[in-house]
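K.L.:
What follows is a predicted protein model with its sequence.
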Amino acid sequence: MAVLPLLIYPDERLKQVAIPVVQFDGTLQAFIKDLEETMSAGPGGVGIAAPQVGQFQRIAIVDVSGARRPVPNNGRLLLINPKILAEEGEVKGREGCMSVPDYTGNVIRAERIRLKAQDDQGQWREYQCEGFEARAVLHEIDHLDGLLFLDRLVSRRNDLFRRKNYQSTDKPA
């Protein structure tokens, strides 16, 4: 396993749309382990998407179970080729990102979501997420679509905040 180098904003590759995974093999298994190690090595990361490490496939990992605030969650979610099936409610919340280490910002996201995604064997699974976990999942899916939280700020003038120093937080990666 290895910690992979992160792409950092304003790297244009972060805008690239990821392609679906079609091969579920040992190469995929090894990449997922490296991606998970990279997420764990980051300061406070609760999610990571393959495009953040320059691999433009539709793969994301989310795990908010270690967040400082107790939140309902599904534990570690491996999301390959995720598809949102339903969204409910809207809530504004602060987000940060390992690929945008100098800023945080307020973004409106769905309060609850239902999605399906493939696992590392290619089997489809469905998940219900709410609150912080739903926010983290939507944040990572945005990475797969070439979007950053900066693209969804409520207001660039009032809702973007310079981070004093990057320290462990429970914000989506």
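P.N.:
Everything's here; your move.

K.L.:
for the chain, what spans make up the helices?
P.N.:
With helices called from DSSP state H, the chain shows them at 26-41, 131-144.

K.L.:
can you list contacts of the lengthiest strand in the chain?
P.N.:
Using DSSP state E to define each element, the chain has its longest strand at strand 77-88. Strand 77-88 is contacted from outside by 20-21, 24, 32, 58-63, 110-120, 122, 126-127, 137-138, 140-141, 144, using C-beta atoms under 8 Å, 6 or more residues apart in numbering. C-beta here means a position set from N, CA and C on the backbone, and glycine is covered the same way.

K.L.:
Can you select the buried ones from those residues in PyMOL?
P.N.:
Restricted to buried positions by 16 or more other C-beta atoms under 10 Å, the PyMOL selection for the contacts of strand 77-88 reads:
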select buried, resi 21+32+58+59+60+61+62+63+110+111+113+115+117+118+120+127+137+138+140+141+144
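
K.L.:
quick one: the longest strand of the chain to helix 26-41, angle?
P.N.:
70 degrees (axes from the mean of the first three to the mean of the last three C-alpha atoms, to 10 degrees).

K.L.:
distance between strand 77-88 and the chain's centre?
P.N.:
Strand 77-88 sits 11 Å away from the centroid of its parent chain (C-alpha atoms, centre = their mean, to the nearest Å).

K.L.:
Could you pull out the buried residues of it?
P.N.:
For strand 77-88, by 16+ other C-beta under 10 Å, it's 77-82.

K.L.:
Out of those residues, name the two that are farthest from one another.
P.N.:
77 and 81 (13.2 Å; C-beta to C-beta).

K.L.:
measure the closest residue to residue 50 other than its chain neighbours to residue 121 for me?
P.N.:
Distances taken as C-beta to C-beta, 6 or more residues apart in numbering place residue 59 nearest to residue 50, at 4.1 Å, with adjacent residues excluded. Plainly put, residue 59 is 14 Å away from residue 121 if you go by C-beta to C-beta, to the nearest Å.

K.L.:
that older thread, which residues does the residue nearest to residue 50 form a beta bridge with?
P.N.:
Counting by DSSP bridges, residue 59 forms beta bridges with residue 80.

K.L.:
how near is it to residue 135?
P.N.:
For residue 59 relative to residue 135 (C-beta to C-beta), the value is 19 Å.

K.L.:
what about the protein, any weak spots by pLDDT?
P.N.:
70, 165-173 (pLDDT under 70).

K.L.:
what about 50?
P.N.:
168-170 (pLDDT under 50).

K.L.:
center of it, which residue is that?
P.N.:
Centrality entry for the chain: nearest residue to the mean C-alpha point is residue 140, 2.4 Å, by C-alpha atoms, centre = their mean.

K.L.:
Quick check: it touching residue 47?
P.N.:
Yes - using C-beta atoms under 8 Å, residue 140 is in contact with residue 47, at 4.5 Å.
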